Structures are given as structure tokens and as C-alpha cells.
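Student: whatever this is, show me its structure:
(one chain, ligands or ions: 1)
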Amino acid sequence: MNILISACLLGARCRYDGEGFALPEMNELKKYCTLIPICPEQMGGLPTPRVPAEIVGDAIINKEGVDVTYQYMTGAKTALTYAQLNNVQYALLKAKSPSCGKGKIYDGTFSGTLIDGSGITARLLEENGIKVYTENDIDELLQILLTNNNTSV
Ligand code: SF4
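Tutor: Now for the predicted structure:
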């Protein structure tokens, strides 16, 4: 099974501040699936490091006030294309990102305040039938993969 994954969760230093993450569960995840890394913000043409951005209404505005909606949308559409070309049903994305976050995102004031909502890549994937998880609910995704693995042997 192919799983779309935020590249920063694999340790790729593609985050806005040039950092990445190392998820402790990653080796377990790799036992059950093939990971397809994406970074929608880089795929949309943005540099790393880059000015952080947040969703403001229907737009994505960076901390310098520049509208980067086009780049974010381009990245989201490219991520969806990757998913469709690889027959992806599930994605594991980085929580709270304006691209990858699911369920909670920052409120657009750059004050660290979270509100209900999802990043635009997460939204587009879900609108196209792909189930999105974040590192906060990785156990749920692992259980699905384990069950799928047990029923396919
Ligand atoms: S766009 Fe997604 S994959 Fe890229 S750095 Fe941000 S959270 Fe990670």
C-alpha cells in the first residue's frame, strides 16, 4: 500500500525554518507500506527557508503580508496528482501546517492561536477521497495498516 507523507515527517529539512522532524513511529510505519514523500510548499515553488504563512479566509498570506495563495494551491494540486498517480488512499501529514494540517490550524494572526480547520493540501486530498491523518493520530493509521497487512497474507 502506498501512503502519502509530509516529507518533513521523514526528517527532510523542508519546513519554513529549514528544519524537519524525526517521528519515532516511522520505522514501524515503513514495515507496512511504501511512503510517497511530498512537500506541497516546495512543490508550489516556495524556497526553504521561507517566510511562514497562515490561512486568512480564502487566501494564504505570509508574515510579510504577501499573498502566496497561488503557490500553496499549486503545491496542493501537485500533491493530489502524486496521490492519484500512486493510487494513494491514506496520507500522513504534519499537524497544524497551513498546507498539511488537519483539524487544527493557526488563525491567521501569527499569534500561535489555533482554530478548527485544515490546511489546503489536506482539504484537497480529503475532497478527493483520500483519508488524512497527522502525526497526532498515527496510531490509528498504524492499526489500519496492520489490519490490512494481516488480511492480505
Ligand atoms: S508543506 Fe507540509 S511537508 Fe512541507 S514543510 Fe510544511 S508541513 Fe512539512
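
Student: what about the helices in this structure?
Tutor: With helices called from DSSP state H, the chain shows them at 26-30, 40-43, 69-85, 120-127, 138-151.

Student: export those to TSV and tack on mean neighbour count and mean pLDDT?
Tutor: Bear in mind the C-beta positions are built from the backbone N, C-alpha and C, glycine included. TSV is the format used below for those (neighbours: other CB atoms under 10 Å; pLDDT from 0 to 100):
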stretch	mean neighbour count	mean pLDDT
helix 26-30	14	92
helix 40-43	26	98
helix 69-85	19	98
helix 120-127	22	98
helix 138-151	13	91
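
Student: looking at these, spot the one closest to A91.
Tutor: helix 120-127 (5.5 Å; CB to CB).

Student: other SSEs contacting that closest one?
Tutor: Packing partners of helix 120-127 (3 or more CB pairs under 8 Å, 6 or more residues apart in numbering; DSSP states H and E): helix 69-85, strand 90-93, strand 131-134.

Student: the same query, at a cut-off of 6 Å, please.
Tutor: helix 69-85, strand 131-134 (3 or more CB pairs under 6 Å, 6 or more residues apart in numbering; DSSP states H and E).

Student: ok, is it in contact with the ligand or not?
Tutor: No: on the criterion CB under 6 Å from any ligand atom, helix 120-127 is out of touch with the ligand, staying 7.0 Å away.

Student: residues in contact with that helix?
Tutor: P40, Y72, A76, A79, L80, A91, L93, S99, C100, K102, V132 (CB atoms under 6 Å, 6 or more residues apart in numbering).

Student: for A91, see how far away the closest residue to K104 other than its chain neighbours is.
Tutor: Nearest residue to K104, sequence neighbours excluded (CB to CB, 6 or more residues apart in numbering): L114, at 4.7 Å. With distances taken as CB to CB, to the nearest Å, L114 is found 21 Å from A91.

Student: please say which of these two ends up with more neighbours.
Tutor: A91 (27 against 13; other CB atoms under 10 Å).

Student: give the contact list for that one.
Tutor: L4, L125, I130, V132.

Student: could you measure from the second one over to Y16?
Tutor: To Y16, L125 is 20 Å away according to CB to CB.

Student: cool, thanks, signing off.
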